[in-house]
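J.: the following block contains a protein sequence and its predicted model.
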Number of protein chains: 2
Amino acid sequence: MDNETLRSIKNRRSLRSFEPEQLRDNELETIVNAGLFAPSAVNQQSWHFTVIQNKDIMKRMSEDTKEYLKKSDNPHFLEMVQRADFSIFHNAPSALLVSGDTKAVMPEADCAAAMQNILLAAESLGIGSCWVDTPVHLFNSEKAEQWKRELGIPEGYKPLHAACLGYKSSAPAPEAPIRKENAVNYIR
Amino acid sequence: MDNETLRSIKNRRSLRSFEPEQLRDNELETIVNAGLFAPSAVNQQSWHFTVIQNKDIMKRMSEDTKEYLKKSDNPHFLEMVQRADFSIFHNAPSALLVSGDTKAVMPEADCAAAMQNILLAAESLGIGSCWVDTPVHLFNSEKAEQWKRELGIPEGYKPLHAACLGYKSSAPAPEAPIRKENAVNYIR
């Protein structure tokens, strides 16, 4: 069975290389709007979206996140922050934060469903994306409240998921990782 | 902007009324396969899918869940379990559980992204779905281990999300809930 939605689902890759050109406003609005149409537990729509297109702000976020992660004991982070050229947004022209209402029933799941809609909407428009975890750590740092204010994240919300967005570079997309076996069981 | 993927995202509704006819095997396989193609934190693919098509098992799961929720102090659950005709699967012919590897980095988000792929794949095939929370509570009950064994859920995994699946009934689909305002902020 095949259709365009299934192809968007199968062809979406986690891309870490983007053209520097900024996305068009109507593309970003279409992508974020797809997030708004996710289902949510008891229709709480427990999400808030921040679209960041400002290079300087993204650079400062990246630096502050790396500064914070230097104190981590996670070897993956420590390796990452050593690299001077490493950007937590993979040099994408746009980034998106999905923040969850901490008092909602299931903000983690609501915001993850919204993020998946966002990645698929981007793919359907030929736009590359990568769901990234690193930027979320900035909001565990001592600068969390300052950044939340600067980015207009509402009181009571916490960034749970982040993505980079941009036009796909000419670098070949990675292959889909091999799917784990025995991940499905049918009870007939 | 418009395309088929965006329409699948926008047209998906949470349906609670289904035709009794069972879905075809290739439809269910296509739908579950879409779940397998979700992104996951550090590619852990921390999910396991259980597709349940057996009416008797679904009935017993519904009864055991209701029995457990009778002891809850949540008025929403207490009202629900009073209704003798209430099925936790809304009388759908198929149900799907997404279980997360409890030792993974982000099983909640991985499994939610997989579930969203599943709902969109179903919609793209004209198949109705509803993401439901109630069946997950069965796995907090004293019968959790017994049910996990019966359903073949692997050791170390826990059902995090559930959905009902079936052909859409002739009942009119609900309108999309009004979207909350001020949910998006642009930093340009």
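T.: Received the coordinates, thanks.
J.: mind listing what A:Q22 touches?
T.: A:Q22 is in contact with A:53, A:93-94, counting by CB atoms under 8 Å, 6 or more residues apart in numbering or on different chains. Where you see a C-beta, it was placed from the backbone N, CA and C, and this is true even at glycine.
J.: just the buried residues of these.
T.: Among the contacts of A:Q22, the ones that count as buried by 16 or more other CB atoms under 10 Å in any protein chain shown are A:53, A:93-94.
J.: could you dump those residues to JSON lines with distance to A:K10, pLDDT and secondary structure?
T.: Below are the buried ones among the contacts of A:Q22 laid out as JSON lines (distance: CB to CB, whole Å; pLDDT from 0 to 100; DSSP: H, G, I helix; E, B strand; the rest coil):
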{"residue": "A:Q53", "distance to A:K10": "29", "pLDDT": "98", "secondary structure": "coil"}
{"residue": "A:P93", "distance to A:K10": "26", "pLDDT": "98", "secondary structure": "coil"}
{"residue": "A:S94", "distance to A:K10": "24", "pLDDT": "98", "secondary structure": "strand"}
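J.: from these, pick the one nearest A:F86.
T.: Among the buried ones among the contacts of A:Q22, A:P93 lies closest to A:F86 (CB to CB), at 17.0 Å.
J.: quick one, what contacts that closest one?
T.: A:18-23, A:53, A:55, A:165-167.
J.: chain A: strands as residue ranges?
T.: Secondary structure of chain A by DSSP state E: the strands cover A:47-52, A:94-101, A:127-132, A:157-167, A:184-187.
J.: please identify the most buried of those strands.
T.: strand A:94-101 (a mean of 26; mean count of other CB atoms under 10 Å in any protein chain shown).
J.: which neighbours in the sheet does that one have, and how are they oriented?
T.: In the sheet, strand A:94-101 lines up against strand A:47-52 (antiparallel), strand A:157-167 (antiparallel) (DSSP bridges).
J.: might you list the low-confidence residue ranges for chain A?
T.: Within chain A, no range satisfies pLDDT under 70.
J.: who's the residue nearest the centre of chain A bridged to?
T.: Centroid-nearest residue in chain A, with CA atoms, centre = their mean: A:A163, separated by 1.8 Å. Taking DSSP bridges as the rule, A:A163 bridges to A:L96, A:W131.
J.: please verify my assumption that it contacts A:L96.
T.: Yes: judged on CB atoms under 8 Å, A:A163 makes contact with A:L96 at a distance of 4.8 Å.
J.: any common contacting residues for the two?
T.: A:I118.
J.: what about the helices in chain A?
T.: Secondary structure of chain A (DSSP state H): helices at A:4-11, A:25-36, A:55-69, A:75-82, A:107-124, A:134-137, A:144-151.
J.: just those: most buried one?
T.: Each of the helices of chain A was assessed for mean neighbour count using mean count of other CB under 10 Å. The highest is helix A:107-124, with a mean of 27.
J.: who does it touch, helix- and strand-wise?
T.: helix A:4-11, helix A:25-36, strand A:47-52, strand A:94-101, strand A:127-132, strand A:157-167, helix B:4-11, helix B:107-124 (3 or more CB pairs under 8 Å, 6 or more residues apart in numbering or on different chains; DSSP states H and E).
J.: on that earlier part again, same list, the strands of chain A, but as a markdown table with distance to A:I31 please.
T.: Below are the strands of chain A laid out as a markdown table (distance: least, CB to CB, whole Å):
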| stretch | distance to A:I31 |
| --- | --- |
| strand A:47-52 | 9 |
| strand A:94-101 | 8 |
| strand A:127-132 | 7 |
| strand A:157-167 | 7 |
| strand A:184-187 | 30 |
